[in-house]
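Asks: sequence first, predicted coordinates after that:
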Amino acid sequence: MLSAKGSWIRWVVIALCILGISAATQTRKNSQIGREVAIPRHLQDDEEFSVPLKDLIEHGKKLFMANWTDQEGAGRPLTKGNGTGLADPSQPLVGARAWNRISGPDANSCYGCHNMPYGIAGGGGDFTTGVFVLAQRFDFATLDRSDSLPAKGTVDEEGNPVTIQNIGNLRATTSMFGAGYLEMIARQMTAELQAIRDSLKLGETKPLIAKGISFGSLTRRRDGSWDTSKVEGLPRASIVAPTPVDRPNVILRPWHQASNVVSLREFSNTAFNQHHGMQSSERFGLDNDLDGDGFKNELTRADITAVTLFQATLAVPGRVIPNDPEIEQAVLNGEKVFDRVGCSSCHIPQLPLDHDGAAFTEPNPYNPPTNLRLGTIKSVKVDLNSRDLPLPRLAPDPARPGVTWVPAFTDFKLHDISDPSEAGEPLDQNQTPWTKRFRQGNRRFLTKRLWGVANEPPFFHHGLFTTMRRAVLAHSGEALQSRRQFEHLVPYDQDSLIEFLKSLQVLPPGTPDLIVDENFRPRQWPPPAVNSVKTVANRPH
């Protein structure tokens with residue numbers, strides 16, 4: 001038998017071994033050795049207020065370009081891309097079911113889709129990165145006719161079989177360049193519309209006009225209820241209200257081609273979950289693991305602020321016009337033709353950000369619930385015109401320093417430009433699933449922002465056109481008259497309009513000037529009059 005002293009020594013040794021094992025385990029847990037994660041360290045909430053702006057935006061870029069792994073929360077085993085639980089939780093989205101190109105998760109990173117041109121994070125995407133919007137309401141799209149559970153793999157909410165053509169709306173990956181300016185214009189226009197709404201007296205009707213753009217008219221009836229039947233260009237969520245006497249919010253929603261999302265923040269919270277299975281704490285709650293992957297707080301509030309600011313401060317598109325007299329004259333003529341045939345009535349060449357609106361603040365004051373709201377926390381402010389941000393950038397109007405002109409070529413309105421003889425989108429993103437209207441489809445789209453359009457193919461909302469000319473010829477509905485005018489133009493005028501559109505490009509990163517030649521050197525525009533006069537004399541007809 002061991003002596004008392006020997007027994008005591010043995011237990012000390014055992015205790016030390018246990019402590020050593022625990023320490024080793026804890027050290028391994030805290031170590032990065034052997035771990036495969038895209039973001040070793042996330043920002044903690046409130047760090048967004050202390051980290052230098054440059055570092056905050058850089059962190060946002062890392063989040064945007066991160067290739068997420070299942071060691072940090074990628075995937076959503078027990079939830080759909082819309083945030084609800086699976087229709088059949090007995091078949092979680094793990095293993096071979098962890099990824100699905102149609103219903104998602106469908107991408108490792110934001111950058112995987114948003115990378116054109118020049119490989120810039122935040123741009124558009126090729127046809128292969130198109131998204132099946134609304135297919136994320138399915139557990140795991142299989143199109144297997146033997147599967148009859150609604151919204152699981154092959155039949156919709158009413159039990160009707162779906163196909164690749166109607167399980168969701170095919171949408172091209174859109175560019176985010178100039179996003180901060182776009183969101184600030186939408187905020188200012190919303191404020192103008194809400195001011196008109198709030199000025200209405202009982203029994204009064206007023207036109208809804210923001211930055212000179214008409215959104216129809218709004219009526220407040222004598223009984224206090226609201227008549228929105230004459231409102232134009234706004235999505236359903238902006239004109240419906242819980243009760244007839246509740247005010248319609250008339251919020252402009254500049255994101256999603258169906259005008260469905262208010263802010264870059266809302267877009268990010270939604271997309272991270274849908275496409276990557278990365279849940280933000282502000283959308284899904286602190287210390288929750290609703291998707292059952294063993295990870296909580298996968299993206300912090302500070303992370304979402306960082307990635308929002310990264311997108312908001314992306315460079316703006318510019319113009320590339322070669323130093324070729326023939327092309328110069330064609331572009332000049334194309335600008336005039338663009339206006340003459342009516343394209344500029346919707347693709348408004350530029351809109352003013354006034355009252356120092358180039359100061360981007362986060363969060364957006366119009367954010368919906370489950371997104372960070374104004375007043376709940378401090379705001380972060382960024383001067384979008386700062387030359388310290390990625391170039392090129394816009395600049396204040398020299399004659400009106402409080403105004404920045406944004407040449408986005410849009411009116412922020414929904415328009416029906418679909419051919420009546422052709423089917424529109426199979427689903428209406430602005431209606432509630434399980435309703436008849438949801439499956440009646442959609443024919444209205446936000447006016448395409450044309451800045452940067454030329455070098456970010458494919459074209460149109462679905463990305464099925466390889467040329468801008470084909471996209472022009474596809475305009476119908478509200479744009480039918482303009483398309484017909486284009487069709488009746490002489491060939492030179494048609495070609496000139498295309499040449500003008502070809503000049504609207506995203507420029508190589510760091511380009512300091514907005515208008516450059518074919519070598520990306522700054523150039524004068526319009527060109528010297530001598531070139532114009534010389535070329536006009538020889539212009540073909």
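Replies: Perfect, I can see it now.
Asks: so what's residue 321 closest to, chain neighbours aside?
Replies: The shortest distance from residue 321 to any residue other than its chain neighbours is 5.1 Å, reached at residue 503 (CB to CB, 6 or more residues apart in numbering). Every residue, glycine included, has its C-beta placed from N, CA and C.
Asks: assess the claim that the one you found and residue 319 are in contact.
Replies: Yes: the criterion here is CB atoms under 8 Å, and residue 503 meets it with residue 319 at 4.7 Å.
Asks: got the contact list for the residue nearest to residue 321?
Replies: Neighbour list for residue 503: 319-321, 331, 454 [criterion: CB atoms under 8 Å, 6 or more residues apart in numbering].
Asks: ok, residue 78 next?
Replies: 85-86, 89, 92-93, 290-293.
Asks: tell me the one of these nearest residue 370?
Replies: Of all the contacts of residue 78, residue 370 sits closest to residue 290, with 12.3 Å by CB to CB.
Asks: my read: the closest one touches residue 77, true?
Replies: No: contact criterion CB under 8 Å: residue 290 and residue 77 do not qualify, at 10.5 Å.
Asks: for the closest residue to residue 64 other than its chain neighbours, give me phi and psi.
Replies: Distances taken as CB to CB, 6+ apart place residue 110 nearest to residue 64, at 4.6 Å, with adjacent residues excluded. Note on residue 110: its backbone torsions stand at phi -60, psi -40 [degrees, to the nearest 10].
Asks: swap in residue 169?
Replies: Backbone torsions for residue 169, taken as degrees, to the nearest 10, come to phi -100, psi 120.
Asks: what's the neighbour count on it?
Replies: For residue 169, the neighbour count with other CB atoms under 10 Å is 22.
Asks: gap between the residue nearest to residue 321 and residue 348?
Replies: 17 Å (CB to CB, to the nearest Å).
Asks: who's in contact with the helix or strand containing residue 63?
Replies: For residue 63, the host element (DSSP states H and E) is helix 53-65. For helix 53-65, contacts defined as CB under 8 Å, 6+ apart pick out 38-39, 43, 48, 51, 109-111, 114, 121-122, 299, 303, 305-311, 313, 380, 382, 388-389.
Asks: so which strand or helix has residue 183?
Replies: Per DSSP H and E: residue 183 is located in helix 179-199.
Asks: you'd agree residue 499 is up against residue 331?
Replies: Yes: in this structure, residue 499 is within contact of residue 331 by CB under 8 Å, at 5.4 Å.
Asks: reformat the contacts of residue 78 as a markdown table; add distance to residue 514.
Replies: Formatted as a markdown table, the contacts of residue 78 follow (distance: CB to CB, whole Å):
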| residue | distance to residue 514 |
| --- | --- |
| 85 | 48 |
| 86 | 48 |
| 89 | 52 |
| 92 | 50 |
| 93 | 45 |
| 290 | 45 |
| 291 | 44 |
| 292 | 49 |
| 293 | 45 |
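Asks: with respect to residue 271, which of those residues is nearest?
Replies: Residue 271 has its nearest neighbour among the contacts of residue 78 in residue 291, at 15.2 Å by CB to CB.
Asks: does the closest one sit in a helix, a strand or a coil?
Replies: What DSSP: H, G, I helix; E, B strand; the rest coil gives for residue 291 is coil.
Asks: residues contacting it?
Replies: By CB under 8 Å, 6+ apart, the contact set of residue 291 is 75-79, 277, 279, 284.
Asks: with adjacent residues omitted, what lies nearest to it?
Replies: Leaving aside its sequence neighbours, residue 291 sits nearest to residue 76 (CB to CB, 6+ apart; 3.9 Å).
Asks: residues in contact with that neighbour?
Replies: Applying CB under 8 Å, 6+ apart to residue 76 gives the contacts 93, 105, 273, 277, 279, 291, 293.
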